[in-house]
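kindly return the folded structure for what I paste below:
(one chain, ligands or ions: 3)
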Amino acid sequence: MEQVRIFDTTLRDGEQAPGFSMDLDQKVRMAKALLELKVDVIEAGFPVASPGDFAAVKAIATEASDMHDTFICGLARANEKDIQAVADSIAPAAKKRIHTFIATSPIHREHKLRMSKEQVLEKTIASVRQAKDLADEVEFSAEDAIRTERDYLVQVFGAAIEAGATTINVPDTVGYTTPQEIEDLFRYLIANTPGAEKAVFSAHCHDDLGMAVANSLAAVRGGARQVECALNGIGERAGNCALEEVVMAINTRADFFELSTQIDTTKLYNASRLLARLTGQDVPRNKAIVGDNAFAHESGIHQDGMLKNLQTYEIMRPSDVGAPTSLLVLGKHSGRNALADRARELGHNLSGERLNEVFEAFKQLADSKKNVTNDDLKSLILGQSLNASGPWRVAGLKTGAERDGHATAHVTLTHQNGTVHTHEARGNGPLDAAFSSIKEIVGLDVHLEDFSVKSIGTGIDAQGWADVHLLDNSSENEMVVGGEESVDRRPRIHGSGVHTDIVFASVIAYLDAMNRIVRNRAQQS
Ligand SMILES: CC(=O)SCCNC(=O)CCNC(=O)[C@H](O)C(C)(C)COP(=O)(O)OP(=O)(O)OC[C@H]1O[C@@H](n2cnc3c(N)ncnc32)[C@H](O)[C@@H]1OP(=O)(O)O
Ligand SMILES: CC(C)C(=O)C(=O)O
Ligand SMILES: [Mg+2]
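Ligands and ions are numbered 1, 2, ... in the order given. A predicted model of the protein is given here:
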C-alpha cells in the first residue's frame with residue numbers, strides 16, 4: 001500500500017501555542033518519543049526564534065545523528081538569516097530538511113508582508129535555492145495557501161519546485177477550508193503545478209472550525225502524501241491536525257483510503273501522555289484515540305454489547321494504540337449485565353432476585369456518586385445484604401439543626417408487614433435524634449455501646465461505612481450483680497450500614513442491629 005508521510009510539528013507549531021512551551025530537556029524527551037513512533041519528519045523548532053530553541057533543535061538533531069528513517073527539520077522565514085540558523089542547528093542529524101515559508105494570500109501579502117506578488121515570488125525562489133545547498137531536502141510552504149488565488153499559488157509552487165523544493169506544503173493557516181474544498185484544491189494543484197511530479201504535496205491544517213483532521217484526510221484523498229500534524233492536536237489557536245487521529249483514521253479505514261503510514265501506533269498512547277505530562281496540559285477525557293473515555297463504556301446497552309462482542313462498540317482495540325484495556329465503568333447508566341459481570345470478577349455470583357435487589361441499591365448509589373468503584377460495589381453487596389434482611393427498612397430520613405445546638409430527626413421506617421411508621425425526636429446531634437426515633441418506632445430497649453464510621457475509597461463522594469454495637473436491655477438479659485463481680489449478660493449485637501451520606505449509613509447500621517435483635521427474639525420465641 002502506498003504510504004502517507006507523517007510530518008510531526010508538535011515541537012514547532014504545537015510548542016508555539018500558549019501553554020505548550022517546552023525547555024531543551026523536555027523537547028529532547030518528546031523528540032525521542034517521536035523517533036520511537038517512527039514519524040517521517042520531526043519539525044524540531046524555529047531555530048532563529050531564540051538561542052534556547054536553536055540549542056533544542058541542535059540537541060534533537062544530535063539525538064538523531066544515526067537515525068536514517070526520520071528527517072530532522074527546522075522552520076525558517078524566507079530570509080538568509082533564518083535559513084542559515086536552521087542549517088546550523090540541524091547539521092548533526094543524519095537526515096536534514098529545511099522548511100522555509102512565505103505567505104501568499106492577498107491579505108498577508110498586502111497587510112503583513114507589505115510585498116507585491118512578484119516580491120513574494122522572488123523571495124520564494126531565493127530562499128529555496130539557498131536552503132537547497134544546506135540540507136538533504138527542502139520543503140516550501142505558502143502560508144495561508146487556502147486564501148490564495150489558485151493561479152498565483154500554482155505559479156509560486158512551480159517556482160519553488162524549479163528552485164529545488166521536493167515537498168510542497170499547502171497550509172490552511174487559519175483553519176478556514178472544508179473537506180470538499182481542500183480535496184478539490186489538491187487535485188487542482190497537482191494537475192496544474194509545473195513539475196508537480198517531482199514533489200510530494202503536503203497538507204497542514206488548523207482546527208479553527210474543528211475540521212483539521214477531516215480536511216487533512218480530504219487532502220489525502222486529493223493526492224496529498226504528507227500530512228503535517230501534532231500529538232494531541234496541539235498548535236496555534238485551536239491547534240493542528242491531531243497526529244493520533246489522522247494516523248488511526250488511515251489505519252482503521254485502510255479499506256477506504258487504501259493507504260498506510262509507517263507509524264508504530266502502539267506507541268501513540270504513551271507519546272500523548274508524555275506530552276501532557278511535560279506541558280502540564282491534560283488530555284481531555286473524550287479526546288479521540290488517547291482520551292480516558294476512548295475505550296471506556298458506562299451505558300448499560302453498550303456494556304452489554306461489549307460483554308457479548310467487543311466489536312459492537314469498539315472500532316479499534318486499545319492495544320492498537322497502546323492504551324489500557326477497555327473499561328466498563330459502573331455508573332447510573334449501567335445495566336444488570338455489567339453489574340453482574342463486575343460482581344463476578346469480585347467473587348460474588350449474583351442472579352435472579354438477588355441481582356435485582358443489588359441492582360436497585362446500586363442505581364440509588366450511582367445517582368449520588370459519579371463512579372461506582374469496586375470497593376463501593378463490594379460494600380454495597382455486603383451492606384445491601386445486611387440492610388435487606390428486615391423486618392424493618394429505612395424509608396426516609398430528615399435531620400435538622402436547632403439554634404440551641406440540639407438536632408431533630410424525622411425517621412420513616414417500613415415493616416415487612418406493609419405498615420409505615422414515622423417519628424420525630426430531638427437529640428444532642430442528628431444521630432442521637434435519629435437513633436431515638438428508631439428506638440421509639442421499633443419499641444426495643446437497647447443501649448448504644450459502640451459506634452464508628454469510616455470512609456470506603458477516597459474523594460468527596462466516597463461512601464461511609466458505619467458500625468454499631470447495641471446491648472439488648474430486655475429484662476431477661478439484665479445485668480447480674482453478685483459478690484465482687486458483676487456480669488453483663490446482655491447480648492452485644494452488631495450492625496453495619498453503607499451509604500454516601502454518613503448519617504444515613506449510621507441509621508442503616510443502627511437499624512441493622514435492631515433487626516437482628518428482633519429476629520433473634522422471634523427465633524427464641
Ligand atoms: C503560520 C506560522 O506558524 S508562522 C511561524 C510562527 N512562529 C513564530 O513566529 C515563532 C517564532 N517567532 C519569533 O521568535 C519572532 O517572531 C522572530 C524571531 C521570528 C522575528 O522577530 P522580529 O524580528 O522581532 O519580528 P516580528 O516577529 O515582530 O515580525 C515578523 C517580521 O517577519 C516578517 N515575516 C513574516 N513572515 C515572513 C516570512 N515567511 N518571510 C520573511 N519575512 C517574514 C514580517 O513581515 C515582519 O517583518 P517586519 O519586522 O519587517 O515588519
Ligand atoms: C509555517 C506554516 C507551515 C504554518 O504553520 C501555517 O501556515 O500554519
Ligand atoms: Mg501552522
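
in the stretch 251-400 of the chain, which spans are strands?
Using DSSP state E, counting those that start in this stretch, the strands of the stretch 251-400 of the chain run over 259-260, 296-297, 327-328, 392-401.

dump those into a markdown table; add mean pLDDT as well.
As requested, those are exported to a markdown table (pLDDT from 0 to 100):
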| stretch | mean pLDDT |
| --- | --- |
| strand 259-260 | 98 |
| strand 296-297 | 95 |
| strand 327-328 | 91 |
| strand 392-401 | 92 |
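
can you add distance to ligand 1 and mean neighbour count and give those back as TSV?
C-beta: built from backbone N, CA, C; applies to glycine. Shown next, in TSV, are the strands of the stretch 251-400 of the chain (distance: least, C-beta to the nearest ligand atom, whole Å; neighbours: other C-beta atoms under 10 Å):
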stretch	distance to ligand 1	mean neighbour count
strand 259-260	27	16
strand 296-297	35	20
strand 327-328	38	19
strand 392-401	60	16
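
mind putting those into JSON lines with distance to residue 249?
Shown next, in JSON lines, are the strands of the stretch 251-400 of the chain (distance: least, C-beta to C-beta, whole Å):
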{"stretch": "strand 259-260", "distance to residue 249": "10"}
{"stretch": "strand 296-297", "distance to residue 249": "20"}
{"stretch": "strand 327-328", "distance to residue 249": "23"}
{"stretch": "strand 392-401", "distance to residue 249": "53"}
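
what about residue 432, how many neighbours?
For residue 432, the count of nearby residues is 16 (other C-beta atoms under 10 Å).

now do the same contact list for it.
Counting by C-beta atoms under 8 Å, 6 or more residues apart in numbering, residue 432 touches residue 407.

quick check: which element contains it?
Per DSSP states H and E: residue 432 is located in helix 430-442.

surely residue 155 meets residue 124?
No. Using C-beta atoms under 8 Å, residue 155 makes no contact with residue 124, being 9.5 Å away.

which one of the two has more residues nearby?
Taking other C-beta under 10 Å, residue 155 and residue 124 do not tie; residue 124 has more neighbours (25 against 18).

mind checking how far the more buried one is from residue 423?
88 Å (C-beta to C-beta, to the nearest Å).

near ligand 1, which residues of the stretch 251-400 of the chain?
Contact residues, the stretch 251-400 of the chain versus ligand 1 (C-beta under 6 Å from any ligand atom): none.

mind giving me the domain ranges of this protein?
Listed by automatic domain parsing, the domain ranges of the chain are 2-279, 296-384, 390-524.

tell me the most buried of those?
domain 2-279 (a mean of 21; mean count of other C-beta atoms under 10 Å).

would you mind measuring from the nearest residue to residue 341 once chain neighbours are set aside to residue 355?
Spatial nearest neighbour of residue 341, chain neighbours left out: residue 307 (5.8 Å); criterion: C-beta to C-beta, 6 or more residues apart in numbering. From residue 307 across to residue 355, the span is 15 Å (C-beta to C-beta).

and what of residue 70?
Relative to residue 355, and taking C-beta to C-beta, residue 70 is found at 55 Å.

could you do residue 373 as well?
Here residue 373 is placed at a distance of 19 Å from residue 355 (C-beta to C-beta).

repeat that for residue 519.
The value you get for residue 519 to residue 355, if C-beta to C-beta is used, is 24 Å.

check residue 25 too.
Taken as C-beta to C-beta, the span from residue 25 to residue 355 is 54 Å.

try residue 95
For residue 95, the distance to residue 355 - C-beta to C-beta - is 61 Å.

so, low pLDDT: which residues of the stretch 101-250 of the chain?
By pLDDT under 70, the stretch 101-250 of the chain has no low-scoring segment.

at the contact with ligand 2, which residues of it appear?
101, 141, 143, 169, 171, 173, 204, 206.

cool, and the chain?
Going by C-beta under 6 Å from any ligand atom, the residues of the chain near ligand 2 are 13, 75, 101, 141, 143, 169, 171, 173, 204, 206.

beta-bridge partners for the fourth one, please?
Right, the one you point to is residue 141. In this entry, residue 141 is beta-bridged to residue 101, residue 169, by DSSP bridges.

and it, what does it touch?
99-102, 169-171, 204.

which positions in the protein make contact with ligand 1?
13, 16, 46, 48-49, 77-79, 101-102, 112-113, 143, 173, 236.

just the terminal-to-terminal distance for stretch 31-44.
End-to-end span of stretch 31-44 (C-alpha to C-alpha, to the nearest Å): 8 Å.

nearest to residue 431 among the residues of the stretch 101-250 of the chain next to ligand 2?
residue 206 (59.3 Å; C-beta to C-beta).

tell me the contacts of the spatially closest residue to the closest one that is not a sequence neighbour?
Spatial nearest neighbour of residue 206, chain neighbours left out: residue 175 (3.7 Å); criterion: C-beta to C-beta, 6+ apart. Contacts for residue 175 (C-beta under 8 Å, 6+ apart) come out as 205-209, 211-212, 237-238.

alright, that wraps it up for me.
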